[in-house]
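Participant: here are the coordinates; sequence isn't available:
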């Protein structure tokens, strides 16, 4: 299981997601451009002492990311408030990549259309969305549970 952040807007969320990746032994892909000035110093501050433990790849664009992903045979699973299917009704595989959109706007429709699946986190009625890092943690937890992904973690 891997995590991809599409043009993230908020450095603190990016840091939290990289920390999550480090703690759960997941690769994190940053798809540029970011909505903030991306620097090693700012990243290290947001990721705290986990920056040295996260396996991270940066991609100049979604096209560059997709050119890496498709030949690798990785399924792209979008987490979106607009999706109809729940993460709890989906069959994950260990090689899936969970794609998270921008905090302010999600992903453009043309990118959503390229995803192999689009999933949502069930929420109470009349709620817009939850924090992207919280939503990612819920989805990753379910995916890892289904794929025995916690087996090698202590």
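Facilitator: All right, it came through fine. Please read all numbers here as calculations on a predicted model, not as lab measurements.

Participant: what's residue 138 in contact with, if anything?
Facilitator: Contacts for residue 138 (C-beta atoms under 8 Å, 6 or more residues apart in numbering) come out as 87, 121. (Each C-beta comes from the backbone N, C-alpha and C, glycine too.)

Participant: change the start of the numbering to 345 and stick with it
Facilitator: All set: I'll call the first residue 345, so the last point we hit is now residue 482.

Participant: what's the helix or strand for it?
Facilitator: Using DSSP states H and E, the secondary-structure element containing residue 482 is helix 476-490.

Participant: need the pLDDT of residue 386.
Facilitator: If you check residue 386, the pLDDT there is 64.

Participant: I meant residue 391, not that one.
Facilitator: 59.

Participant: can you give me the buried ones in the helix holding residue 482?
Facilitator: Residues 476-477, 479-484, 486-488, 490 are the ones in helix 476-490 that count as buried (16 or more other C-beta atoms under 10 Å).

Participant: this structure: helices as residue ranges?
Facilitator: 355-367, 384-391, 406-416, 453-456, 476-490 (DSSP state H).

Participant: so for the shortest one, what gets flagged as buried?
Facilitator: Of the residues in helix 453-456, those with enough neighbours to count as buried (16+ other C-beta under 10 Å) are 455-456.

Participant: how about residues contacting it?
Facilitator: Contacting residues not belonging to helix 453-456 are listed as 350, 406, 422, 424, 426, 450, 462 [C-beta under 8 Å, 6+ apart].

Participant: now it: mean pLDDT?
Facilitator: With pLDDT averaged residue by residue, helix 453-456 scores 98.
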